[in-house]
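Participant: Return atomic coordinates for the entry below.
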Amino acid sequence: MASTKNRVTRNDAEPKDSFDGAHRNPIYERLMNAIAEHRLRPGTKLAEDRLAAIFGVSRTVVRAVLQQLAHELVVTIVPNRGAFIASPSVEEARELFEARRQIELPIVEKVCRSAAKKGVALLRAHVAREQEARKRDDRRAAVRLSGDFHVLLAHLGGNRFIERTMRGLQMLTCLTILLYNAPTSQACPHDEHAHLIDAIEAGNVKLAQKLMIDHLAHIEASLRLNAAEEEDDDLEAILLSGAPL
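Facilitator: Numbers count the residues shown, from 1 in each chain. From the prediction side, this is the model:
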């Protein structure tokens, strides 16, 4: 059993910049933050006994967290093998960005029409933290904050179910970036969040939605999805060419 100093408490498990105040399981939060900061890679095995020892809890508690993550598609549970961090396929990566466009455009419209000054201030404060993380070259924090910006938008939209869905999609995006992104790519293109906030503050729905479409397109374009397909095609050509058996 892990020592007391390694046990997870709510204070050290909650992200310091949490904005929704939701009372989530601290082990769930630890795992989600590790994914968001690219510390847990796709395909990593999450052994129940190992996690139970790390967090100082029973395997029953760990199993419940893994089931929740599996429900959100962030973890894949393989019978007789255990739980693994999800590894989205190329097709799933494309479907992921299609889903994000269908969900985030209505979010942007709602926030444009309803965001009060307090909401805009929260968005600007969040982007300021993103910029500070980049300045101090804290890539893990920058990546997590870039993703959290989109969840914050969903939170400001006022629908808890959409917010939860957005958080799951953002976690899958983090995993997709780890699998298919160029090593030198940024988490989100610089300044695009700030421009989006300007459009939201002005109440310009069409411009804000266009900026969101462009923003998601820039992220998707940075992924090496075509390269993955070409590798599959090359393998097929190699195996099927040559003298017949």
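Participant: for the helix or strand hosting Leu169, packing partners?
Facilitator: Assigned by DSSP states H and E, Leu169 falls within helix 160-180. Helices and strands touching helix 160-180, by 3 or more CB pairs under 8 Å, 6 or more residues apart in numbering; DSSP states H and E, are helix 26-36, helix 90-114, helix 139-157. C-betas here are computed from N, CA, C, even on glycine.
Participant: Break this protein down into its domains, please.
Facilitator: 7-85, 90-224 (automatic domain parsing).
Participant: any chance of those domains in CSV, plus mean neighbour count and mean pLDDT?
Facilitator: Formatted as CSV, the domains of the chain follow (neighbours: other CB atoms under 10 Å; pLDDT from 0 to 100):
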stretch, mean neighbour count, mean pLDDT
domain 7-85, 16, 80
domain 90-224, 18, 91
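Participant: Figure out which of the helices and strands packed on helix 160-180 is closest to His218.
Facilitator: helix 90-114 (11.0 Å; CB to CB).
Participant: quick revisit: make TSV out of the helices and strands packed on helix 160-180 and add distance to Glu192.
Facilitator: Shown next, in TSV, are these (distance: least, CB to CB, whole Å):
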stretch	distance to Glu192
helix 26-36	19
helix 90-114	13
helix 139-157	10
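Participant: Now do the helix or strand harbouring Ala52 against helix 26-36: the angle between them, please.
Facilitator: Element membership for Ala52 (DSSP H and E) is helix 48-55. Here helix 48-55 runs at an angle of 100 degrees relative to helix 26-36 (axes from the mean of the first three to the mean of the last three CA atoms, to 10 degrees).
Participant: what's downstream of helix 48-55, the next helix or strand?
Facilitator: Going down the chain from helix 48-55, the next helix or strand is helix 59-71, by DSSP H and E.
Participant: Which SSE is immediately downstream of that following helix?
Facilitator: Next along from helix 59-71, by DSSP H and E: strand 75-78.
Participant: Need the contact partners of that following strand.
Facilitator: Identification of contacts with strand 75-78 by CB atoms under 8 Å, 6 or more residues apart in numbering yields Leu46, Leu66, Gln67, Leu69, Ala70, Ala83, Phe84, Ile85, Ala86, Ser87.
Participant: which of these lies closest to His195?
Facilitator: Comparing the contacts of strand 75-78 against His195 with CB to CB places Ala86 closest, at 31.2 Å.
Participant: Would you confirm that that closest one contacts Val74?
Facilitator: Yes. If you go by CB atoms under 8 Å, Ala86 and Val74 touch, sitting 5.6 Å apart.
Participant: Between these two, which contacts overlap?
Facilitator: Contact with both Ala86 and Val74 is made by residues Leu172, Leu175, according to CB under 8 Å, 6+ apart.
Participant: In contact with Gln67, which residues are there?
Facilitator: Residues near Gln67 by CB under 8 Å, 6+ apart: Ile77.
Participant: Was I right to think Val111 contacts Asn159?
Facilitator: No. At 11.0 Å, Val111 does not count as touching Asn159 under the criterion of CB under 8 Å.
Participant: Can you read off the backbone torsions of Ser58?
Facilitator: As for Ser58, its main-chain torsions (degrees, to the nearest 10) stand at phi -80, psi 160.
Participant: Need the nearest residue in space to it, chain neighbours excluded.
Facilitator: Closest residue to Ser58 apart from its sequence neighbours, by CB to CB, 6 or more residues apart in numbering: Ala52 at 6.1 Å.
Participant: And Gln170, by the same measure?
Facilitator: In this structure, Gln170 finds its nearest non-sequential neighbour in Gly147, 4.5 Å apart by CB to CB, 6+ apart.
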